[in-house]
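K.L.:
A predicted structure for the sequence below; I have some questions about it.
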Amino acid sequence: MSAIQDQDAALANAETFLSESVENKQVWALKHDEGGWASCESKDYEDTAIFLFWSTEDNAVQYGQGEWKDFKPTAIDLEAFIETWLKGLDQEDHMIGMNWEAGLFGLEVEPLEIAKKLRSGDI
């Protein structure tokens with residue numbers, strides 16, 4: 001797969017995340033049994049964590065294996081995601097990943113950019 005195809009797939013996954021999250025009024029994340037949420041280091045920004053979210057439980061389940069086998073898919077209400085999660089992640093200078101695929105592939109996006117899209121319906 002070429003870099004352009006990879007970018008197109010990442011954009012399509014992000015669009016799917018936005019539309020399905022609005023439709024379902026929730027997002028999914030992986031939560032560790034002892035607290036903490038699935039995240040990884042940014043490939044694009046030094047000293048920046050990417051917190052991962054999916055639009056469906058099935059997508060989140062796929063990641064709840066391997067290094068994240070002790071993490072469980074957890075639903076987050078969309079309103080709480082926008083008002084609490086995205087604002088908090090922005091204040092802590094984190095980014096988010098939406099509907100990432102295997103191998104930790106996807107877009108790294110600023111939280112408030114996603115909050116605006118979810119609020120405006122500009123999907």
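P.N.:
Nice, I can see it. From a predicted model like this one, the values you see are computed outputs, not experimental measurements.

K.L.:
Phi and psi next, for the spatially most central residue of the chain.
P.N.:
The centroid of the chain falls nearest to Phe53 when counting by Cα atoms, centre = their mean (2.7 Å). As for Phe53, its main-chain torsions (degrees, to the nearest 10) stand at phi -140, psi 150.

K.L.:
if I look at it, how far off is Asp8?
P.N.:
Using Cβ to Cβ, to the nearest Å, one gets 20 Å for the distance from Phe53 to Asp8. Heads up, the C-betas are built off the backbone N, CA and C, glycines and all.

K.L.:
just to revisit the earlier point, quick one, what contacts the residue lying closest to the residue nearest to the centre of the chain once chain neighbours are set aside?
P.N.:
Leaving out its chain neighbours, the residue that sits closest to Phe53 by Cβ to Cβ, 6 or more residues apart in numbering is Val27, at 4.8 Å. For Val27, the residues meeting the contact criterion (Cβ atoms under 8 Å, 6 or more residues apart in numbering) are Phe17, Ser21, Phe53, Trp54, Ser55, Ala75, Ile76, Leu78, Phe81.

K.L.:
Only the buried members of those: can you turn that into a PyMOL selection?
P.N.:
Under the burial definition 16 or more other Cβ atoms under 10 Å, those of these that qualify are selected in PyMOL by:
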select buried, resi 17+21+53+54+55+76+78+81
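
K.L.:
mind listing which of the contacts of Val27 are in helices?
P.N.:
Counted as lying in helices by DSSP state H, out of the contacts of Val27, are Phe17, Ser21, Leu78.

K.L.:
Let me see the contact set for the closest residue to the first one other than its chain neighbours.
P.N.:
In this structure, Phe17 finds its nearest non-sequential neighbour in Met98, 3.7 Å apart by Cβ to Cβ, 6+ apart. Neighbour list for Met98: Asn13, Ala14, Phe17, Leu18, Phe53, Trp54, Ser55, Gly106, Leu107, Val109, Ile114 [criterion: Cβ under 8 Å, 6+ apart].
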